[in-house]
Structures are given as structure tokens and as C-alpha cells.
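1. Pasting the sequence and the predicted model now:
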Amino acid sequence: MRAQRPDPPRPADWRGQPAVFWVYVIRSQSSGMFYVGQTDDVQGRVRQHNEPQKNRSLFTTRNLGPWVLVHQERCSSRREAMKLEKRIKGRGVSRHLKEIARQSASGC
């Protein structure tokens, strides 16, 4: 049986605070395509998507930017963020964004 490796330390752990994770949606200004991801540093990740030499995403390398942040949702754990990311991708990004807009317009 293989021993489980502990999770690597998260950036916020050294301060004794729980880490916060985000699910984010970016949109290409050149093609209009959406990309959904999760991270603990949204602004840093968007910067990576826009810098070809640092980009780790094949999707945003092939589909040219510039990429702009259009939505982000806070999650209490990476697991929660990964579940939300999967749910958004499964339902469709446009549908999710329309639902968010409808909820905010109705005050819910």
C-alpha cells in the first residue's frame, strides 16, 4: 500500500489563516471564448494566462487573448472549488453567468 503524501503547504498557511480558493471565469477579448479554472491567487493566475512564456494552460495558449476576468466565486477549500469548477463546465459557462446575473438582478 502506498503512503499518502501530505498536501503541500498553501500560501496562506504560514500566517495561520485558512487558505481561500476561487473559481474564476476569464474571457478572450479576441475570440469571445470562456475559460474556467480554480486557484488561490486569481490575479496571478490571470496574469499567467496572458503571459505566453508562463502559461500552463493549453486551452488559453491555443485560444489567443488577451484574457480578462469576468467572474469569480469564493470557496472555502480546494475540493469545493474543484467541484464548482466541474459543475460550471458541465452546465456551460454562459448558462452559469446568466444565472448569476439573474440572481443578482432579483436581489437573491
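-> Everything's here; your move.

2. Tally up the residues packed near the nearest residue to Arg45 once chain neighbours are set aside, please.
-> Spatial nearest neighbour of Arg45, chain neighbours left out: Thr39 (4.3 Å); criterion: Cβ to Cβ, 6 or more residues apart in numbering. C-betas here are computed from N, CA, C, even on glycine. Neighbourhood size, Thr39 [other Cβ atoms under 10 Å]: 18.

3. Next up, the contacts around the residue nearest to Phe34 when sequence neighbours are not counted.
-> Leaving aside its sequence neighbours, Phe34 sits nearest to Val93 (Cβ to Cβ, 6+ apart; 4.0 Å). Residues in contact with Val93, defined by Cβ atoms under 8 Å, 6 or more residues apart in numbering, are 25, 34, 36.

4. returning to what we had before: is the residue nearest to Arg45 bridged to anything, and to what?
-> Beta-bridge partners for Thr39, by DSSP bridges, are Trp22.

5. Please look at it and Phe21 and confirm they touch.
-> Yes: in terms of Cβ atoms under 8 Å, Thr39 counts as a neighbour of Phe21; the distance is 7.0 Å.

6. List the buried residues for the worst-scoring helix or strand of the chain on mean pLDDT?
-> In the chain, the helix or strand scored least confidently by mean pLDDT, DSSP states H and E is helix 58-62, which has a mean of 73. For helix 58-62, the neighbour count (16 or more other Cβ atoms under 10 Å) marks Thr60 as buried.

7. repeat for stretch 70-90
-> Of all the residues in stretch 70-90, those buried under the rule 16+ other Cβ under 10 Å are 71, 73, 75, 81, 84-85, 88.
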